[in-house]
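**Q** the sequence and its predicted three-dimensional model are supplied below.
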Amino acid sequence: MVLPIPEQIETDRLLLKRFRPEDAEEVFYTYASKPDATRFMAWPTHQTIQDTRNFLSFAVNAWRQGIDYSFGIRLKSNNRLIGASGIMNDEGKIQFGYILGPVHWGNGYATEATRAVLAMVRNLPEVYRINTFADVDNAASIHVLKKCGLEEEALLQKWFRFPNQENQPKDCVLFKLDLRR
């Protein structure tokens, strides 16, 4: 099921734009190759620009298929890439995530981008569930998710093997967004 997701979402300070193959170098150098940024990601830190090109090729095709909608997060003031946000669609069950380059942490950008994405996707009639999960040690993301109105649904013991944390099973918190309409 392809969702009617816009190619651009605008907030006060940010532009979330659909990824393009031309974004590879910015993505690689801003966050994808940074171990600090990728520590809690479900994908391995990119070692080469080709890793990033492969991801962007996937992202372009997955958007067309309606299974993954990946956006670059850019500052409106200078169009600089600072991170990414993604929506994974499983026939109306949505999981989402985000990442920022370390130099952009602590400015409220993750909260601003997440609120915009959730506001857009929560009103789609095809969507029946929105959720995500975070490593219990990822205090910053847990704080962002709570600020964005998500509720803790469960503590999942040894739930996920994060590739950038020695692939050991980690406890995670499952979050959901109430969709009462």
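**A** Good, I have the coordinates.

**Q** would you mark the buried spots in the helix or strand containing Gln50?
**A** If you go by DSSP states H and E, Gln50 is part of helix 49-65. For helix 49-65, a neighbour-count test (16 or more other C-beta atoms under 10 Å) marks 51-53, 55-56, 59, 62-63 as buried. For glycine as for every other residue, the C-beta is placed from the backbone atoms N, C-alpha and C.

**Q** got any ranges where this structure has weak pLDDT?
**A** 181 (pLDDT under 70).

**Q** would you map the helices across it?
**A** Ranges of helices in the chain, per DSSP state H, are 24-27, 35-38, 49-65, 109-121, 139-147.

**Q** do you know which of those helices lies nearest Ile82?
**A** With C-beta to C-beta as the criterion, Ile82 lies closest to helix 109-121 of those, at 6.2 Å.

**Q** in that closest one, which residues are buried?
**A** 109-118, 120-121.

**Q** now do stretch 121-141
**A** Buried, per 16+ other C-beta under 10 Å, within stretch 121-141: 121, 124, 127, 130, 132-135, 138, 141.

**Q** now render the helices of the chain as JSON lines, adding distance to Gly72.
**A** What follows is these, written out as JSON lines (distance: least, C-beta to C-beta, whole Å):
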{"stretch": "helix 24-27", "distance to Gly72": "7"}
{"stretch": "helix 35-38", "distance to Gly72": "14"}
{"stretch": "helix 49-65", "distance to Gly72": "10"}
{"stretch": "helix 109-121", "distance to Gly72": "10"}
{"stretch": "helix 139-147", "distance to Gly72": "18"}
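
**Q** closest to Pro102 out of these?
**A** helix 35-38 (4.9 Å).

**Q** distance from the chain centre to the closest one, please.
**A** For helix 35-38, the separation from the chain centroid amounts to 14 Å (computed by C-alpha atoms, centre = their mean, to the nearest Å).

**Q** with stretch 40-58 instead?
**A** Going by C-alpha atoms, centre = their mean, where stretch 40-58 is centred and where its chain is centred differ by 14 Å.

**Q** what's next to it, contact-wise?
**A** Residues from elsewhere that reach stretch 40-58 (C-beta atoms under 8 Å, 6 or more residues apart in numbering): 19-21, 23-25, 27-28, 32-35, 38, 68, 97, 99, 134-135, 137-138, 141, 160, 162-165.

**Q** and if you look at stretch 163-174?
**A** The contact list for stretch 163-174, computed with C-beta under 8 Å, 6+ apart, reads 35, 38-45, 131-137, 142, 152-162.
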